[in-house]
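Q: Pasted the sequence and its predicted model underneath.
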Amino acid sequence: MHELSVCQGMLSQVSTIAAEHAARTVSSITVRIGPLSGVEPALLAQAFPIASAGTVASGAELHIETLPVRVYCETCGEETDAAVNRLLCGSCGDYHTRLISGDELLLASVELDAETQSAH
Amino acid sequence: MCDTCGCNITDGNRHLVTGNGKFSRVDSGTSAVSVLKGLLSENDHQAAHNREHFDRRGILAINLMSSPGSGKTALLEATIDALSKRYGIAVIEGDLETENDAERIRAKGVRAVQIATGTACHLDAHMVHDAVHQLDLDGINIVFIENVGNLVCPASFDLGQHRNVALLSVTEGDDKPAKYPVMFRAADAMVLSKIDLLPVMDDFDPARAERCLRDLASRAPVLPVAARKQMDIDAWLSWLEQEVVTHRERLASGQTIRPAIQPDGMRLHGAG
């Protein structure tokens, strides 16, 4: 259950961003997670209300975008889909591949409600 | 990567950054801030600081990860017996409770700090930072960080180490790399431990364990060891000593290294 730690790390960043922009509240947070990041989206979603209680992001919506596992083959040059425990080239079957998508653990964007509203 | 000049916006992530710049308006009173930073960037920042601390002192830091009971401490004890005359070794031990492992290391005459994580299932860079400050690093060449026994969570936290080593004992099952791909993909070397038990563990096939590792596109060496009673840890010692030499050369040319598998997707998608 390291998702709670991950969630706390995320909220710490979100709080800093909110303070930088003098925001009163955070209305939504968007994260992008790959299956090979080691973070389980469902567990992160469960941890979020607990970790965010009492923070500037309390009540915010958490959007989790999951990314596909894709590999680039250094042998044949193809880009193919792969499974988390089978990162072989889908075209030639070689294991000399590089992951090009699937291990992301990114805070993509935050939607803030400004404290003082400007004209536009 | 910086967040001010836009150099972290690439073709891979441009579609995420809607509007003009990082502060695009979505409706009145609400603003969307595009961030594109690692979720664990505070941990990663501390980890980078830890790595600099090790590098300034010419130390190679190795993070040992495995399930509980696969022989991490036994491997360290045997390593200390074999190398402590030639290298200064220090150990940071991570467990939920007890000082037992640090005491085993200290009994070998080596400096050790125990981190008792309480309920936390992994070490993070901040815990390691605190532990490093309790360690006298004078004359130390190698710092081993023995992570909490767990094949899941430790893989997600950079501690400031240079190399990740995952142990797989023959009493566990040869398909563990397929079951725990995040952990084994992160390994720069896979130590196959307790191989002296292979004759009685006839359902464990070392070749299958290696195949499962290769299926993760890993080129990490597989190092068979029998650490108890110093039976055979030569493959591990050769790998380790080569890493010490390579790291010295690296530092001499002003470079450092992070464990082989870094979040490539994160790099490609803009996080620093």
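A: Now that the structure is in, tell me what you want to look at. Residues are numbered from 1 along each chain as shown, chains lettered A, B, ... in the order given.
Q: Just give me how far stretch B:35-46 sits from the chain centre.
A: When C-alpha coordinates are averaged (CA atoms, centre = their mean, to the nearest Å), stretch B:35-46 and its chain have centres 17 Å apart.
Q: Go through that stretch and flag the buried ones.
A: B:35-44, B:46 (16 or more other CB atoms under 10 Å in any protein chain shown). All C-beta spots, glycine's among them, are computed from the backbone N, C-alpha and C.
Q: other SSEs contacting the longest helix seen in chain B?
A: Determined from DSSP state H, the single longest helix within chain B is helix B:234-252. Counting contacts by 3 or more CB pairs under 8 Å, 6 or more residues apart in numbering or on different chains; DSSP states H and E, helix B:234-252 packs against strand B:60-65, helix B:72-83, strand B:189-193, strand B:222-224.
Q: do you know which of these lies nearest chain A?
A: Proximity of the helices and strands packed on helix B:234-252 to chain A was assessed by CB to the nearest CB; the nearest stretch is strand B:60-65, lying at 11.7 Å.
Q: Pull that closest one out as CSV, backbone CA atoms only.
A: Output of strand B:60-65 as CSV, limited to C-alpha atoms (Å, rounded to 0.1, in the frame of the first residue of the first chain):
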residue,chain,number,x,y,z
LEU,B,60,29.0,3.3,-4.8
ALA,B,61,25.5,2.9,-3.3
ILE,B,62,23.6,-0.3,-4.0
ASN,B,63,19.9,-0.9,-3.2
LEU,B,64,19.1,-4.5,-2.4
MET,B,65,15.5,-5.6,-2.9
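Q: which helices and strands does that strand pack with?
A: Secondary-structure packing of strand B:60-65 (3+ CB pairs under 8 Å, 6+ apart): helix B:41-56, helix B:72-83, strand B:142-146, strand B:163-169, helix B:234-252.
Q: Recalculate using a threshold of 10 Å.
A: The elements that strand B:60-65 packs onto, with contact taken as 3 or more CB pairs under 10 Å, 6 or more residues apart in numbering or on different chains; DSSP states H and E, are helix B:41-56, helix B:72-83, strand B:89-95, helix B:125-132, strand B:142-146, strand B:163-169, helix B:234-252.
Q: other SSEs contacting the first one?
A: Read that as helix B:41-56. Using 3+ CB pairs under 10 Å, 6+ apart: helix B:41-56 touches helix A:3-20, strand A:105-114, strand B:30-38, strand B:60-65, helix B:125-132, strand B:142-146, helix B:234-252.
Q: for the fifth one, which positions count as buried?
A: Buried residues in helix B:125-132, counting neighbours by 16+ other CB under 10 Å, are found at B:125-129, B:131-132.
Q: Can I get those in TSV including distance to A:V14?
A: What follows is these, written out as TSV (distance: CB to CB, whole Å):
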residue	distance to A:V14
B:A125	19
B:H126	18
B:M127	23
B:V128	24
B:H129	23
B:A131	28
B:V132	28
